[in-house]
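Q: everything below, folded, please.
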Amino acid sequence: MTAGSRGDVAPFTGLGHGLARAGHEVTLVTHERFEPLATRAGIGFHALPLDPRAELESSRGRALHRSTTGVGKLMRVVAMGRALAGQMADDLVTAAGASDALLLSGSVAPLGHAVAEGLGLPSLGLNLQPLAATREFVPPMLGVGSWGPFGNRVAGLGLNLAVEQLFGAALPPLRARLGLPPLSPAAALRARERQGWPVLHGYSPRVVARPRDWRSGLDVTGYWWPYDGDTPLPDELRTFLGAGPAPVFVGLGSATVPDPARISAAIVRALRRAGLRGVIQRGWAGLTATGDDMLTIDETPHSALFPHMAAVVHHAGAGTTAAGLRAGVPAVPVPIQFDESFWAARLVTLGVAPRALPLRHLTAEALEQALLRATQDSGHRERARALGAHIRAEDGVTPVVEAVHRLRRH
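A: As a prediction, the model looks like this:
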């Protein structure tokens, strides 16, 4: 069960495919627009209401761009989520009624855990980001630097409580419907912690090591890759790749932006000033580029595309960051909101990106200089290549399969 944009859904298609290969019957429970992803992975599907793209493009979603800080954006998205969370509760209960166990992403965990409790089902958390409080870093969703060990942990506890509050209006009627006693958001969070509720994290420990102060039951498995099958690259794209030197990929994933034309123009100008060809992914931002040295594409599996790139410029969402690392190519992260600044900082620290360029301050000149460093510095290329080899050798699925087997035994 998961909710959100494509990046909150796609990794679970590969995980679901792996569970199905291990003999389980798997149903992906998420927004209707992502049903084709489940179909391609050969797993079942149950639709949740709401269209995440429509919500981001609504006046409520566009208001996120008016916040200049991570905390401000988070406050706006919590308010937006509170208004929408209740619409998902009925479908979560219906989907769970035909299940033996629930695997819950961080985006639906408070609701899903209540459903599991009410129906007497075992459950497991599956997070794509390190959401549990730690002294080692500030919560990724805040998009800020370290506040010191004490400040980091306090911020983490506060953020987790804020996420619980997101479901504060939806939980009381859901618990009543399931015959459960009333429970405040803070009490629900404490209950999961006391129970040692198991949560697995789908990213590489080479990218973010497991914090030393996490409790038992919080583990890092390695990445869960979107299931792309043998989807070939489109003919037009293959022709473009063969017509010259390796281009640079530019895409902002499921992010929306306030001025697509201005940003597209800055990207094209930077690429041309750096003497680089570009593959521009339209995405939800609506980026476009024209000319013999530029190709605008729609959705294309990053697993097939990124190995052909000289570098990747992206919004540093968890999934796109992972795909670039897996391909072993340098990056130029352009974070926009939430955990993207966290992943961008990790890319710089790992030595596979020269710097982060927050979209709010993006200029053609700054992007040009970052592109030149990313593509001409052999250190970035070698570090990216070595890290990619390690990540490709990891197996993030088997620990989840084993955890599901433990759920069944208990």
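Q: check contacts around the residue lying closest to residue 115 once chain neighbours are set aside.
A: Leaving aside its chain neighbours, residue 115 sits nearest to residue 96 (4.9 Å; criterion: C-beta to C-beta, 6 or more residues apart in numbering). For glycine as for every other residue, the C-beta is placed from the backbone atoms N, C-alpha and C. By C-beta atoms under 8 Å, 6 or more residues apart in numbering, the contact list for residue 96 reads 102, 112, 115-116, 119, 121.
Q: what bits of this structure have low per-residue confidence?
A: Where the chain drops to pLDDT under 70, the residues are 52-86, 410.
Q: per-domain residue ranges of it.
A: The chain breaks down into these domains under automatic domain parsing: 6-223+394-409, 235-393.
Q: any chance of those in a markdown table, plus distance to residue 229?
A: Shown next, in a markdown table, are those (distance: least, C-beta to C-beta, whole Å):
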| stretch | distance to residue 229 |
| --- | --- |
| domain 6-223+394-409 | 6 |
| domain 235-393 | 8 |
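Q: from the ones you listed, which stretch is densest packed?
A: Highest mean neighbour count among these (mean count of other C-beta atoms under 10 Å): domain 235-393, with a mean of 20.
Q: that domain: end-to-end distance?
A: 30 Å (C-alpha to C-alpha, to the nearest Å).
Q: likewise for stretch 292-308?
A: By C-alpha to C-alpha, one end of stretch 292-308 lies 18 Å from the other end.
Q: would you list the contacts of residue 96 in TSV and tack on distance to residue 325 and secondary structure?
A: Converted to TSV, the contacts of residue 96 look like this (distance: C-beta to C-beta, whole Å; DSSP: H, G, I helix; E, B strand; the rest coil):
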residue	distance to residue 325	secondary structure
102	29	strand
112	29	helix
115	34	helix
116	33	helix
119	38	helix
121	35	coil
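Q: helix, strand, or coil at residue 249?
A: strand (DSSP: H, G, I helix; E, B strand; the rest coil).
Q: is it correct that residue 339 is in contact with residue 318?
A: Yes: assessed by C-beta atoms under 8 Å, residue 339 is found in contact with residue 318 at 6.4 Å.
Q: give me the common contacts of those two.
A: Counting by C-beta under 8 Å, 6+ apart, the residues touching both residue 339 and residue 318 are residue 129.
Q: quick one, strands of this structure?
A: Ranges of strands within the chain are 27-31, 44-48, 102-105, 123-127, 199-201, 218-220, 248-251, 278-281, 294-297, 311-314, 331-333, based on DSSP state E.
Q: give me the distance from the fifth one to the chain's centre.
A: Its chain's average C-alpha position is 14 Å from that of strand 199-201, according to C-alpha atoms, centre = their mean, to the nearest Å.
Q: having no further points to raise, I will conclude here.
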